[in-house]
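# structure for this input, please:
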Amino acid sequence: MSEQILKVNKVDICTESFGKPKDPAVLLIMGAMSSLDWWDEDFCLRLADQGRFVIRYDHRDLGRSVTYEPGTSNYTITDMADDAVGVLDAYSIEQAHIVGMSLGGMIGQILALRYPERIFTLTLIASSVFGTEMEKLPQMDQSILDYHAKSTSIDWSNREAVISYLAGGWKTLCGSKPFEEVRIYKLAEREAARAKQLTSRFNHAMLQGGDEYYDRMGEISVPVLIIHGTEDPALPYEHGLALTKVIPHAELVTLDGSGHEIHSEDWDQIIDSVVNLSSR
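Numbering: from 1, shown residues only. Below you'll find the model as predicted:
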């Protein structure tokens with residue numbers, strides 16, 4: 001396991017790898033406002049133990065990657081897709097299996113259209129259609145928006161308050177499976193300790209761009225696996241079903257009772273699905 005700051009697209013991007021570089025590469029792309037920490041280290045190690053070279057990284061404005069002034073917009077979702085390919089370039093990886101969570105799945109869809117030659121397979125976890133179809137689907141639960149609206153009243157210099165806020169945000173995303181309080185608080189503590197500037201995360205709310213890739217999911221030619229929880233309050237299950245309709249030959253793995261999360265009870269099913277897809 002090794003963490004390093006790489007120069008990617010003229011900015012600093014923090015990455016961490018697990019496993020043997022000779023093994024097939026799996027690039028993990030996390031969702032909005034979520035650092036690499038939320039790809040649980042034990043999850044990454046278990047995936048690496050299946051003979052995969054696993055890479056996770058901090059998006060811009062998160063963790064130890066480049067951060068910008070809070071309240072500013074300095075890049076597009078297409079830039080974030082370019083960052084992902086830049087990470088592969090930095091590791092001298094020509095092709096990889098892409099696994100994207102939420103926004104990371106939408107970045108993955110752009111990658112499949114923008115850089116199809118760099119992708120073996122694409123796995124979309126708790127994600128949605130990158131296009132106008134998304135507007136027709138059930139919206140995010142209001143309780144999630146209400147929770148994050150409280151962020152303006154947090155004392156960001158108060159470590160305990162910050163950790164409680166970060167962990168509580170994931171609690172709002174749970175399905176009916178038990179909230180993993182100990183594990184989530186541990187990850188929140190790690191994120192709070194690593195982050196250069198925690199409040200920059202909210203710049204993701206202003207993310208734009210990628211219009212040239214809207215409604216083009218039918219052009220995706222790589223094998224695609226869709227993994228979605230039946231009780232996702234952020235991007236309800238209908239979003240996963242919609243992806244299976246717009247992406248040719250996409251397969252669906254349903255996580256019963258899971259929310260907008262990578263619950264440890266689902267790790268085996270997720271890892272087995274990714275490994276099976278990438279072994280074809």
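
# where's Val253, which helix or strand?
Element membership for Val253, per DSSP states H and E: strand 251-255.

# from the chain's centre, how far out does that strand sit?
17 Å (CA atoms, centre = their mean, to the nearest Å).

# mind listing the strands that strand pairs with, and their directions?
strand 224-229 (parallel) (DSSP bridges).

# for Gly210, which non-adjacent residue is closest in space?
Of all residues not flanking Gly210 in the chain, Ile77 sits nearest, at 4.4 Å (CB to CB, 6 or more residues apart in numbering). (C-beta placed from N, C-alpha, C; glycine too.)

# what about the one you found, neighbour count?
20 (other CB atoms under 10 Å).

# that one touches Asp211, doesn't it?
No. Counting by CB atoms under 8 Å, Ile77 does not reach Asp211; the two are 9.6 Å apart.

# check what pLDDT the residue lying closest to Ile93 once chain neighbours are set aside gets.
Spatially, and ignoring its direct neighbours in sequence, Ile93 is nearest to Ala25 (4.7 Å; CB to CB, 6+ apart). On the pLDDT scale, Ala25 is placed at 98.

# quick one, what contacts Ala25?
The contact partners of Ala25, by CB atoms under 8 Å, 6 or more residues apart in numbering, come to 52-55, 88, 91, 93, 95-97.

# closest to Lys7 among these?
Among the contacts of Ala25, Tyr91 lies closest to Lys7 (CB to CB), at 12.8 Å.

# tell me which stretches of the stretch 51-200 of the chain form helices.
For the stretch 51-200 of the chain, applying DSSP state H, counting those that start in this stretch gives helices covering 77-90, 103-114, 142-149, 159-171, 181-194.
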